[in-house]
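Enquirer: test case, fold it:
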Amino acid sequence: MTIARKLGSASQRPQSALTHREIALIVDDDEQVLRLVKRVLERAGFECVTVNDGRVAHDAAVEWRPDIILLDLMLGDTTGDQIMAELREDFRTRLIPVVFLTVRDSLKDKVEHLLSGADDYVTKPFIPEELVARLRAVMTRSTTARGLSPLTGMSGNSDILREISRRLAQHERFAVLYPDIDSFKSYNDHYGFLRGDDVIKTLATIILEVLEENHSSPQRPRSRLDRVRGAQRQHPQDAGGVCFDWHSDRRAWQLRQRRRGRGPRVRGEGRRQADARFEMGA
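Expert: Numbering: from 1, shown residues only. All right, here's what the predicted structure looks like:
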């Protein structure tokens, strides 16, 4: 039995929280394959833990809590299927994605193992770039799935924070909507939690529908005039009707502004500025 790092040695554990390097646990009884896979993954930025005895694979997974596990199917006294079953039964390791890396390349083997819970299936000999790409894709799917709200299927707290951090890092301009439901606790107490869940699902559906109806490019919001021009390009024969609708919308907007006591223009505002405000729905 050989483990590349001594289990239980806290001083030798990879400082993933500080270096942000993903940990890959590689389980294979072929030392040459272990060295090859380890070299490929380390070049791609992974921190690798290698195990050549399937009997201690589960213990290594519990100890290191890797981001992904590469598992051979044939491991002497045990099999990859047995190890994956142990991993899925343990609450500490059941969410870790598992990718089989094996010489068994029949379609039957691939289908059976993918249906039994494996996240991917890669055959030997492998192409290094493809192996790394598959691992990254599996980890991305796993991270995204864990970041979703199980009730609505929308992004959860971790996914939202990750997206905000990404946009801040790229210096993007963006807005965050933080909706709240008034008196929701009283509603739950009176009608029960199942009804409360229905309300949350309905609100999520409304938000998605509004976003779909008002979808715009990341660069800038899509104005009314943009929609008119797009309709004219797609249906030039209806250009007159489209323009009429736009002018009707503008007249209705002016009336609403007057009812608010503001008039179609704000004080000190020129016509072009008022037109721009109308196009953006202000």
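Enquirer: could you point out which element follows the helix or strand bottoming out on mean pLDDT in the chain?
Expert: When each helix and strand of the chain is scored by mean pLDDT, DSSP states H and E, helix 16-19 comes last, with a mean of 41. Sequence order places strand 23-27 as the next helix or strand after helix 16-19, per DSSP states H and E.
Enquirer: tell me the strands beside that next one, with direction?
Expert: Strand 23-27 pairs in its sheet with strand 47-51 (parallel), strand 68-71 (parallel), by DSSP bridges.
Enquirer: can you say which of the ones you listed is packed in most?
Expert: Mean neighbour count (mean count of other C-beta atoms under 10 Å) peaks for strand 68-71 among these, with a mean of 26. C-beta coordinates here come from the backbone N, C-alpha and C atoms, glycine included.
Enquirer: pLDDT averaged over that strand, what's the number?
Expert: Across strand 68-71, the average pLDDT comes to 95.
Enquirer: now do stretch 123-140
Expert: For stretch 123-140, mean pLDDT rounds to 93.
Enquirer: do stretch 166-178 as well
Expert: 87.
Enquirer: buried sites along that stretch?
Expert: Neighbour-count burial for stretch 166-178, counted by 16 or more other C-beta atoms under 10 Å, picks out no residue.
Enquirer: what's the answer for stretch 155-163, then?
Expert: Applying 16+ other C-beta under 10 Å to stretch 155-163 flags Asp159 as buried.
Enquirer: who's in contact with that stretch?
Expert: 144, 146-149 (C-beta atoms under 8 Å, 6 or more residues apart in numbering).
Enquirer: buried members of the residues you listed into PyMOL, please.
Expert: Command for PyMOL that selects the buried part of the contacts of stretch 155-163, burial taken from 16+ other C-beta under 10 Å:
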select buried, resi 147
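Enquirer: from the contacts of stretch 155-163, which land in helices?
Expert: 144, 146 (DSSP state H).
Enquirer: out of the contacts of stretch 155-163, who's nearest Phe174?
Expert: Gly147 (18.0 Å; C-beta to C-beta).
Enquirer: with Ser142 as the reference, measure out to the nearest residue to the closest one once chain neighbours are set aside.
Expert: Distances taken as C-beta to C-beta, 6 or more residues apart in numbering place Asp159 nearest to Gly147, at 3.2 Å, with adjacent residues excluded. As judged by C-beta to C-beta, to the nearest Å, Asp159 and Ser142 stand 12 Å apart.
Enquirer: redo the contacts of stretch 155-163 as CSV? Include distance to Ser106 and pLDDT.
Expert: Formatted as CSV, those follow (distance: C-beta to C-beta, whole Å; pLDDT from 0 to 100):
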residue, distance to Ser106, pLDDT
Thr144, 31, 77
Arg146, 32, 74
Gly147, 35, 73
Leu148, 34, 72
Ser149, 39, 77
